[in-house]
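Peer 1: sequence and computational prediction follow.
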Amino acid sequence: MPATATSGVFIYAKDRHRLARFYASVLGLAPIHESEDLTVLQSASLQLIVHAIPQHIAATIDITSPPQPREDTALKFFFTAPNIANCRSDASALGGEVFGEEWKSSGFIVCNAIDPEGNIFQLRQPIEPL
């Protein structure tokens, strides 16, 4: 695995450890670095940096269970996974959800998901095996 991915996503988290565990498990990302306020996860094609929201701001944020979707954000990332069904069970066990609706698009089966803090992302499973 390269030391630095060529593309990445930066996510701010109220509970950095929980969110990092979620993405490591659901997306199969490996932790490559951790410090006091961030965790860096990586695959061959993506680096995901989970950064702790400053405590004085995090104290004002209420995370519900199940999480309330943050649908008013300007960004939504996608990740290619070999098997959406496996992602579905992992996400559910870790406080998120892979939504049931799926559709086909340009060589992929696609569906949306939510992490434990309400961030919405998309999963894409290749129709042909990776």
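Peer 2: Sure, I can see it.
Peer 1: might you report the residue contacts of Leu41?
Peer 2: By Cβ atoms under 8 Å, 6 or more residues apart in numbering, Leu41 lies in contact with Ala20, Tyr23, Ala24, Leu27, Leu29, Ala30, Pro31, Ile32, Gln47, Leu48, Ile49, Val50. Yep, even glycine has a C-beta here, placed from its N, CA and C like the rest.
Peer 1: same for the helix or strand hosting Ser89, what does it pack against?
Peer 2: Assigned by DSSP states H and E, Ser89 belongs to helix 84-93. Applying 3 or more Cβ pairs under 8 Å, 6 or more residues apart in numbering; DSSP states H and E, one finds that helix 84-93 contacts helix 16-27, strand 97-98, strand 108-114, strand 120-126.
Peer 1: for that helix, output the C-alpha coordinates as PDB.
Peer 2: In PDB, the C-alpha atoms belonging to helix 84-93 read as follows (Å, rounded to 0.1, in the frame of the first residue of the first chain):
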ATOM      1  CA  ILE A  84     -22.600  -4.500  -0.500                       C
ATOM      2  CA  ALA A  85     -24.300  -7.200   1.600                       C
ATOM      3  CA  ASN A  86     -21.200  -7.500   3.700                       C
ATOM      4  CA  CYS A  87     -21.000  -3.800   4.100                       C
ATOM      5  CA  ARG A  88     -24.700  -3.800   5.200                       C
ATOM      6  CA  SER A  89     -24.100  -6.200   8.100                       C
ATOM      7  CA  ASP A  90     -20.900  -4.500   9.200                       C
ATOM      8  CA  ALA A  91     -22.600  -1.000   9.100                       C
ATOM      9  CA  SER A  92     -25.600  -2.200  11.100                       C
ATOM     10  CA  ALA A  93     -23.400  -3.800  13.800                       C
END
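Peer 1: coming back round to it: quick one: which of the helices and strands packed on helix 84-93 is nearest Asp90?
Peer 2: Among the helices and strands packed on helix 84-93, the nearest to Asp90 by Cβ to Cβ is helix 16-27 (4.7 Å).
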